[in-house]
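# Okay, predicted coordinates and the sequence, questions at the end:
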There are 2 protein chains.
Amino acid sequence: MTGPKWQQIADKLRASIADGTRAPGSQLPTEADLVTKWAVSRPTARQALTALANEGLITSRPPRGWFVRERRPVYYRPQAEGHSVATSPEMDSFMGEHSAEGRQPRQDIEVAIVTPVPPVAQRLRLEPGEAAVVRRRVRYLDGEPFNLNDSYFPRDLVAGSEIMDPAEIARGANRVLAELGFRQERVLDEFHVRMPTPQEVSRLALAPGTPVAAHIATGVTAEGKPVRVVHNVLAGDRHVIVYERPMPPIENTESSDHE
Amino acid sequence: MTGPKWQQIADKLRASIADGTRAPGSQLPTEADLVTKWAVSRPTARQALTALANEGLITSRPPRGWFVRERRPVYYRPQAEGHSVATSPEMDSFMGEHSAEGRQPRQDIEVAIVTPVPPVAQRLRLEPGEAAVVRRRVRYLDGEPFNLNDSYFPRDLVAGSEIMDPAEIARGANRVLAELGFRQERVLDEFHVRMPTPQEVSRLALAPGTPVAAHIATGVTAEGKPVRVVHNVLAGDRHVIVYERPMPPIENTESSDHE
DNA sequence: GAGTGGTCTAGACCACGTA
DNA sequence: ACGTGGTCTAGACCACTCG
């Protein structure tokens, strides 16, 4: 028995979740139960429960009680989305584990002309105040929102094109961009791992204690001109990010005892 | 004035942090201040503060008070670690932003023979109970731990080799593995975004509300044999994960309006 | 109506740095 | 010595859903 009482309670419950004693979806003791079992006041019992909720392990479903959370992540493959990219046998074997098969996708689209937030403007190399076209999407799986997808394009490039229609583009925005003379040659992906903003919490219906990955993809042409910045917010508990890469031949260089 | 009082307080403080009114590193009002300013009890004021702490925005430094957290992320490039990979001009321009330049790296190494946890055993295709060699490292920057790095190798492959020495391998574990006849041809990277376990919190000295990215890299030979699994835990607030990829030529295929 | 969690109060004592 | 946050108590009232 070490540490504050609320931590002892939380530790005990956490262990029983980790070792499978309490299965995903199962109900935890009620707050009243904990109060009597541990001889503490209700705020103390609640402190233990909210701590676990903030770790993403449990969630409350009033007025039913507290429950162990379940996870059903889908694979998120920046290299593959919208393109046909060969997958290796290893990758295929993983995909079965938790794939999106049999789940119903849906998306809402909205188009706007905006002055992008600084991180986006910087990556598009826009002058301060310069406008961009943004295609905002919320993507759903089985009716649950699971990622926010905002694609930005410099306004001059796409004005009057199909990209400004708030409808799905069957052949893809990238293709439209290429037809306009701005074929992307390479993409830079960045991932920021953080807790969500309140807006993200509500748009993604995130449970307390759910982190997000912000994926910022910058597409540039052969000339190095950035023509597209995608700002993607992924619910952490609903995604596994996957990349496949070749291992370069090992040269005679310094330490590679790193990774 | 909408929602519970503690949320109103949290919203107000969050907004002042977001818009820069409260700069990183600056001190927030004391709990006593909030109690009088908002006419609430201390637990209510504390609820607002701990909520912000769980979002990773603020942290308490007893007995000084509450402070806005600062961030100094470093770039994490799975493609480049230990290898010389050319960076594009775009990437270079980003690197200046927050790079690890001038910061002091250090690492602790420890080698053990273990039966890996299921996720690792599965990726190494080990039989149940089969042993593996693990090189555990904690990596520091400026004395702060910022990532946990556990590299697993099937025991049979590396028994008696240099890999079992708890010392840095100048030419790299990958090279040693290649010399043993197991050159990796490709690597599968997975990233899981989640809240840390208590062990990870203490090993990484994580502040409350700091998520982590678990990076699992599986290296396979040309024959498809997995010979190395790296389990990396990155402190979310200290890393930006970066990839660079070529954009494949656009074919005549269905929707690529995705990414 | 009974039971659940959500919110809130008004105190209390403690450990710990700073001055 | 003082002020800070950390912990804890013993209540209270509310909204909500379920049987």
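Thanks, I have it. Numbering: from 1, shown residues only, chains lettered A, B, ... in the order given.

# rest of the way, CA atoms for contacts and neighbours
OK.

# Read off the pLDDT value for residue A:89.
pLDDT, residue A:89: 58.

# how close does the most centrally placed residue in chain A sit to residue B:15?
For chain A, the residue nearest the mean C-alpha position is residue A:234 (1.3 Å; C-alpha atoms, centre = their mean). Going from residue A:234 to residue B:15 by C-alpha to C-alpha, to the nearest Å gives 23 Å.

# picking up where we left off before, give me the contact list for the host helix or strand of the residue nearest to the centre of chain A.
Here residue A:234, judged by DSSP states H and E, is contained in strand A:226-235. For strand A:226-235, contacts defined as C-alpha atoms under 8 Å, 6 or more residues apart in numbering or on different chains pick out A:120, A:123-125, A:146-154, A:157, A:182, A:184, A:204, A:206, A:210-221, B:259.

# Tell me the confidence at residue A:233?
Residue A:233 carries a pLDDT score of 96 in this model.

# How about it, nearest residue that isn't a chain neighbour?
Nearest in space to residue A:233, with sequence neighbours left out and distances taken as C-alpha to C-alpha, 6 or more residues apart in numbering or on different chains, is residue A:214 at 4.6 Å.

# thought residue A:188 was touching residue B:242?
Yes - using C-alpha atoms under 8 Å, residue A:188 is in contact with residue B:242, at 7.3 Å.

# Tell me the residues that contact both of the two, please.
In contact with both residue A:188 and residue B:242: no residue, using C-alpha under 8 Å, 6+ apart.

# so where's chain A uncertain?
A:1, A:81-104, A:250-259 (pLDDT under 70).

# The residue in the stretch 151-259 of chain A positioned nearest to DNA strand C - how many residues pack around it?
The nearest approach of the stretch 151-259 of chain A to DNA strand C comes at residue A:208, 10.1 Å away (C-alpha to the nearest atom of the strand). Around residue A:208 there are 23 other residues, counting by other C-alpha atoms under 10 Å in any protein chain shown.

# cool, residue A:235 as well?
There are 28 residues near residue A:235, going by other C-alpha under 10 Å.

# roughly how far apart are it and residue A:71?
Counting by C-alpha to C-alpha, the gap from residue A:235 to residue A:71 is 11 Å.

# Quick check: chain neighbours aside, which residue is closest to the closest residue to DNA strand C within the stretch 51-200 of chain A?
Nearest residue of the stretch 51-200 of chain A to DNA strand C, counting by C-alpha to the nearest atom of the strand: residue A:65, 3.4 Å away. Using C-alpha to C-alpha, 6+ apart and skipping residues adjacent in sequence, the residue nearest residue A:65 is residue A:30, 6.0 Å away.

# what's the distance between the one you found and chain B?
21 Å (C-alpha to the nearest C-alpha, to the nearest Å).

# Isn't that residue up against residue A:62?
No - contact criterion C-alpha under 8 Å: residue A:30 and residue A:62 do not qualify, at 11.0 Å.

# Show me which of the two is the more surrounded one.
Taking other C-alpha under 10 Å, residue A:30 and residue A:62 do not tie; residue A:30 has more neighbours (15 against 7).

# if I look at residue A:51, how far off is residue A:196?
17 Å.

# try residue A:116
19 Å.

# Looking at these two, which one has more neighbours?
For residue A:116 versus residue A:196, neighbours defined as other C-alpha under 10 Å are more numerous around residue A:196 (24 against 21).

# what sits against the more buried one?
A:210-212, B:55.

# ok, which pair from those is furthest apart?
A:212 and B:55 (11.1 Å; C-alpha to C-alpha).

# Overlap of the contact sets of those two?
In contact with both residue A:212 and residue B:55: A:195-196, using C-alpha under 8 Å, 6+ apart.

# Comparing those two, which residue is more hemmed in?
residue A:212 (28 against 25).

# The more buried one pairs with what?
residue A:194, residue A:235 (DSSP bridges).

# close enough to count as contact, it and residue A:191?
No - at 9.7 Å, residue A:212 does not count as touching residue A:191 under the criterion of C-alpha under 8 Å.

# Which stretches in the stretch 1-150 of chain A count as helices?
A:5-18, A:31-38, A:42-54, A:89-95, A:118-124 (DSSP state H, counting those that start in this stretch).

# Throw those helices into JSON lines and include mean neighbour count, thanks.
Compiled in JSON lines, the helices of the stretch 1-150 of chain A are given as follows (neighbours: other C-alpha atoms under 10 Å in any protein chain shown):
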{"stretch": "helix A:5-18", "mean neighbour count": "17"}
{"stretch": "helix A:31-38", "mean neighbour count": "15"}
{"stretch": "helix A:42-54", "mean neighbour count": "20"}
{"stretch": "helix A:89-95", "mean neighbour count": "13"}
{"stretch": "helix A:118-124", "mean neighbour count": "17"}
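
# Residue A:105 - how many residues pack around it?
That count, for residue A:105 with other C-alpha under 10 Å as the rule, works out to 13.

# cool, the one 5 residues further on as well?
Counted with other C-alpha under 10 Å, the burial measure for residue A:110 works out to 14 neighbours.

# Same check on residue A:180?
12.

# Now residue A:182. Nearest residue, chain neighbours left out?
residue A:221 (6.3 Å).

# from what I can see the one you found touches residue A:178, true?
No - Residue A:221 is not in contact with residue A:178 according to C-alpha under 8 Å; the separation is 9.4 Å.

# quick one: common contacting residues for the two?
Shared contacts of residue A:221 and residue A:178, counting by C-alpha under 8 Å, 6+ apart, come down to residue A:184.
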